[in-house]
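1. The following block contains a protein sequence and its predicted model.
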Amino acid sequence: MTMTISEASIFKTTTTSTGALPTKIKVNDLNLFYGEKQALFNVNLDIKEKEVTALIGPSGCGKSTFLRTLNRMNDLIDGVRVIGNIHIDGENVYESSDVIKLRTRVGMVFQKSNLFPMSIYDNVAYGPRMQGIKSKKLLNEIVEESLRGAAIWDEVKDRLKSSALGLSGGQQQRICIARAIAMKPDVILMDEPTSALDPISTLKVEELITQMKKDYTIVIVTHNMQQAARISDKTAFFLNGEVIEYDDTNVIFSTPKDERTEDYVTGRFG
Ligand SMILES: Nc1ncnc2c1ncn2[C@@H]1O[C@H](COP(=O)(O)OP(=O)(O)OP(=O)(O)O)[C@@H](O)[C@H]1O
């Protein structure tokens, strides 16, 4: 089912009788200010469960800012003010007092690998250990499951005790994904996860994202139009802090309704 933004903003139910995917994240009239400067303007989006949603748009249009609102990472920046609502599974993210729990449910993978200078095993086990899991057997299971989930188990199973920093950039990025998976999230946010990778590693991460959507709702910021077209189900085009158009990815790339979207996806500006 394709919805316009205004229809999306009044879409209240979490399941539908038409077989459409349920809404996982519902964003209503979201505005964000860095001090006096407004960076997001009345964003309304329904993000569907177990789909990949791509956020595209020129540099500085608010994609990363928006992504960070979904797990309240902007709270860590001084002077940020958020007005509006984000509901995940019906729960108001900005009314919750348990931000740690939110960030466990809504994991994040960054542009550059941010692995710790420790072993592959310890990197993946880090979050579960912080949650108080001490059983070696359980940790072993979580590490293996997470590395398998990030399609990197076979490459690292014989060197789990080696430093994660000795891996290639593409492998490190998949370990970052494994580290996110180890927290058993249901949403994974990715901020340009392949922009520092070579084409082969990029392809591996893209394949991984495509496999992962059977288990997770994924929101990804990308500057790579082909990537958005290849891996996402829905695409939101941002410009100057506004969502100009949000639709099925094939509509955005083949028959966008707004001329500005068309100009951007065809490379006429941006
Ligand atoms: N910590 C911050 N403090 C003040 N302004 C910020 C901060 N972070 C981002 N901005 C501003 O908010 C606007 C949106 O930035 P944001 O990084 O979200 O854009 P983006 O679309 O992700 O850009 P890019 O594609 O270059 O990463 C920009 O004008 C940026 O300068």
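-> That came in fine, so what should we check first? Numbering: from 1, shown residues only.

2. Could you report the pLDDT at the nearest residue to Ala182 once chain neighbours are set aside?
-> Closest residue to Ala182 apart from its sequence neighbours, by C-beta to C-beta, 6 or more residues apart in numbering: Ser146 at 4.1 Å. (Each C-beta comes from the backbone N, C-alpha and C, glycine too.) At Ser146, the model reports a pLDDT of 95.

3. isn't Ser146 right up against Ile181?
-> Yes - at 4.4 Å, Ser146 counts as touching Ile181 under the criterion of C-beta atoms under 8 Å.

4. Beyond the helix or strand hosting Gln211, next helix or strand please.
-> Here Gln211, judged by DSSP states H and E, is contained in helix 199-212. Following helix 199-212 in sequence order, the next helix or strand is strand 217-221 (DSSP H and E).

5. in its sheet, what does that following strand sit against?
-> If you go by DSSP bridges, strand 217-221 pairs up with strand 52-56 (parallel), strand 187-191 (parallel).

6. Any chance of a markdown table for the ones you listed, columns mean neighbour count?
-> Shown next, in a markdown table, are the strands paired with strand 217-221 (neighbours: other C-beta atoms under 10 Å):
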| stretch | mean neighbour count |
| --- | --- |
| strand 52-56 | 26 |
| strand 187-191 | 24 |
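
7. Distance to Asp258 added to these, as TSV?
-> Converted to TSV, those look like this (distance: least, C-beta to C-beta, whole Å):
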stretch	distance to Asp258
strand 52-56	13
strand 187-191	25
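
8. what sits against the residue nearest to Ala182?
-> Contact analysis of Ser146 by C-beta atoms under 8 Å, 6 or more residues apart in numbering lists 124, 178-179, 181-182.

9. Quick check: the farthest pair among those residues?
-> Val124 and Ile181 (8.4 Å; C-beta to C-beta).

10. So for those two, which sits in the more crowded spot?
-> The neighbour count for Val124 versus Ile181, taken as other C-beta atoms under 10 Å, is higher for Val124 (29 against 24).

11. Can you give me the buried ones in stretch 157-168?
-> When neighbours are counted by 16 or more other C-beta atoms under 10 Å, the buried residues of stretch 157-168 are found to be 160, 164, 167.

12. Specify which member of the contacts of Ser146 is nearest to Glu141.
-> Closest to Glu141, out of all of the contacts of Ser146 and judged by C-beta to C-beta, is Ala182, at 10.5 Å.

13. List the contacts of the closest one.
-> 124-125, 127-128, 142-143, 146.

14. From what I see, Glu207 and Ile152 are in contact.
-> No - applying C-beta under 8 Å, one finds Glu207 not in contact with Ile152, separated by 11.7 Å.

15. For the two, indicate the residue with more neighbours.
-> A direct count of neighbours by other C-beta under 10 Å for Glu207 and Ile152 places Ile152 higher, at 24 against 13.

16. my read: the more buried one touches Gln171, true?
-> Yes - the pair Ile152 and Gln171 passes the contact test of C-beta under 8 Å, sitting 6.2 Å apart.

17. Please enumerate the helices of the protein.
-> Here the chain has its helices, by DSSP state H, at 5-9, 63-69, 99-105, 120-130, 136-149, 153-156, 169-181, 199-212, 225-231, 249-254, 259-265.

18. buried set for stretch 73-80?
-> Neighbour counts using 16+ other C-beta under 10 Å place 73-74, 80 of stretch 73-80 among the buried residues.

19. Can you read off the pLDDT for the closest residue to Ala228 other than its chain neighbours?
-> Once flanking residues are discounted, Ala228 sits nearest to Ala54: 3.9 Å by C-beta to C-beta, 6+ apart. Note on Ala54: pLDDT of 98.

20. Do I have it right that Ala54 meets His223?
-> No - using C-beta under 8 Å, Ala54 is not in contact with His223, being 10.5 Å away.

21. Low-confidence regions, this structure specifically.
-> For the chain, the stretches with pLDDT under 70 are 1-19, 270.

22. Show me what from it comes close to the ligand.
-> By C-beta under 6 Å from any ligand atom, the residues of the chain that approach the ligand are 34, 37, 39, 57, 59-65, 77.

23. mind running it again at 5 Å?
-> Contact residues (C-beta under 5 Å from any ligand atom) of the chain with the ligand: 34, 39, 59-65, 77.
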